[in-house]
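S.K.: need a structure here:
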Amino acid sequence: MRWPPYLMQLKIRSPRHAFSIWLPLFIIGPIALIFLLALCLIALPFLLLSLLFTWRWYWGRYVVIGVPAFFQILHSLPGLKVDVEDGGQHIVVAFY
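M.R.: All right, here's what the predicted structure looks like:
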């Protein structure tokens, strides 16, 4: 069974500085979800008004397909390593 990532490592190296930081996603994730929920509650009346005037019936299909796809992508993140180098700068983002 695949689980969402628990940790993210961010390494940044430049000619003058180099540092690495580990971010615990199992702590940051719930905090971000609380802020996202608060933002959604503030935006909900405006969203409902816009949906009232612009809703197309086939949009529901995209929601039904998109939500499971989002979770599949989220659960595929562990093991992903992004390594970018340009000149003297080097950035590595790894999910564990």
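S.K.: centroid residue for the chain?
M.R.: Geometric centre of the chain, nearest residue: residue 74, 7.8 Å, by C-alpha atoms, centre = their mean.
S.K.: starting at the chain centroid, how far to the stretch of helix or strand that residue belongs to?
M.R.: Per DSSP states H and E, residue 74 falls inside helix 59-75. Centre-to-centre, helix 59-75 and its host chain are 14 Å apart (C-alpha atoms, centre = their mean, to the nearest Å).
S.K.: Now do the buried residues in the next helix-or-strand element following that helix.
M.R.: Once the chain leaves helix 59-75, the next helix or strand it forms, by DSSP H and E, is strand 81-86. Neighbour counts over strand 81-86 (16 or more other C-beta atoms under 10 Å) mark no residue as buried. (Glycine included, C-beta is placed from N, CA and C.)
S.K.: switch to numbering from 3
M.R.: Okay, residue one is now 3; in that scheme the one you just asked about reads as strand 83-88.
S.K.: Parallel or antiparallel, list what pairs with strand 83-88.
M.R.: strand 91-97 (antiparallel) (DSSP bridges).
S.K.: Outside of the partner strand itself, list whatever touches it.
M.R.: Strand 91-97 is contacted by residues 7, 9-17, 27, 79-87 when judged by C-beta atoms under 8 Å, 6 or more residues apart in numbering.
S.K.: Alpha carbons of it, in CSV - could you do that?
M.R.: What follows is strand 91-97, C-alpha atoms only, in CSV (Å, rounded to 0.1, in the frame of the first residue of the first chain):
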residue,chain,number,x,y,z
GLN,A,91,23.6,26.8,-8.0
HIS,A,92,22.3,23.4,-7.2
ILE,A,93,18.9,22.6,-5.7
VAL,A,94,17.6,19.1,-4.7
VAL,A,95,14.1,18.4,-3.4
ALA,A,96,13.5,14.8,-2.3
PHE,A,97,10.3,13.3,-0.8
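S.K.: List the buried residues in it.
M.R.: Buried residues in strand 91-97, counted by 16+ other C-beta under 10 Å: 96-97.
S.K.: Now for residue 31, how many residues are close by?
M.R.: Neighbourhood size, residue 31 [other C-beta atoms under 10 Å]: 14.
S.K.: quick one, what contacts the closest residue to it other than its chain neighbours?
M.R.: Spatial nearest neighbour of residue 31, chain neighbours left out: residue 6 (7.8 Å); criterion: C-beta to C-beta, 6 or more residues apart in numbering. By C-beta under 8 Å, 6+ apart, residue 6 lies in contact with 27, 31, 76-77, 79-80.
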